[in-house]
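Undergrad: quick one, fold the following:
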Amino acid sequence: MSNSRYITSLRADAEQFGMAVRGHRGIENSVHRVPDVVFREDDCRIRKGYASENFSVIRRIALNLLCQEKSIKKGDRC
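TA: The predicted model follows:
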């Protein structure tokens with residue numbers, strides 16, 4: 001179990017706050033899940049200099065291009 005702290009101006013009860021936090025986690029998980037599943041980023045062994053950052057940028061560009069492609073069905077794109 002991990003502890004997280006949040007700063008907010010939201011006036012909400014515990015249930016509403018919990019829903020907001022879970023929603024935020026869902027967005028964060030989906031943002032990082034796609035590159036990991038599609039490009040297997042977690043398995044990447046590139047470690048020299050800025051190579052890992054450079055490859056990450058290239059992967060993001062490729063993913064954005066795939067998401068913009070209209071000839072591929074939505075489920076297969078992103």
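Undergrad: low-confidence ranges in the protein?
TA: 1, 24-33, 73-78 (pLDDT under 70).
Undergrad: do a quick rundown of the strands in it.
TA: For the chain, applying DSSP state E gives no strands.
Undergrad: can you map out the helices along it?
TA: All helices of the chain, identified by DSSP state H, fall at 14-39, 51-68, 74-77.
Undergrad: format the ones you listed as CSV; extra columns: mean neighbour count and distance to residue 8.
TA: (C-beta placed from N, C-alpha, C; glycine too.) Formatted as CSV, those follow (neighbours: other CB atoms under 10 Å; distance: least, CB to CB, whole Å):
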stretch, mean neighbour count, distance to residue 8
helix 14-39, 11, 8
helix 51-68, 12, 29
helix 74-77, 9, 33
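Undergrad: between those, which gets nearest to residue 45?
TA: helix 51-68 (9.2 Å; CB to CB).
Undergrad: may I have that closest one exported as PDB, CA atoms only?
TA: Listed next in PDB are the C-alpha coordinates belonging to helix 51-68 (Å, rounded to 0.1, in the frame of the first residue of the first chain):
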ATOM      1  CA  ALA A  51      19.400   7.800 -25.900                       C
ATOM      2  CA  SER A  52      16.500   6.700 -23.700                       C
ATOM      3  CA  GLU A  53      15.000  10.200 -23.700                       C
ATOM      4  CA  ASN A  54      15.500  10.500 -27.500                       C
ATOM      5  CA  PHE A  55      13.800   7.100 -28.100                       C
ATOM      6  CA  SER A  56      11.000   8.000 -25.800                       C
ATOM      7  CA  VAL A  57      10.300  11.200 -27.900                       C
ATOM      8  CA  ILE A  58      10.500   9.200 -31.100                       C
ATOM      9  CA  ARG A  59       8.000   6.700 -29.700                       C
ATOM     10  CA  ARG A  60       5.600   9.500 -28.600                       C
ATOM     11  CA  ILE A  61       5.800  11.000 -32.100                       C
ATOM     12  CA  ALA A  62       5.100   7.600 -33.700                       C
ATOM     13  CA  LEU A  63       2.100   7.100 -31.300                       C
ATOM     14  CA  ASN A  64       0.700  10.500 -32.100                       C
ATOM     15  CA  LEU A  65       1.000   9.800 -35.800                       C
ATOM     16  CA  LEU A  66      -0.800   6.400 -35.400                       C
ATOM     17  CA  CYS A  67      -3.600   8.100 -33.400                       C
ATOM     18  CA  GLN A  68      -4.100  10.700 -36.200                       C
END
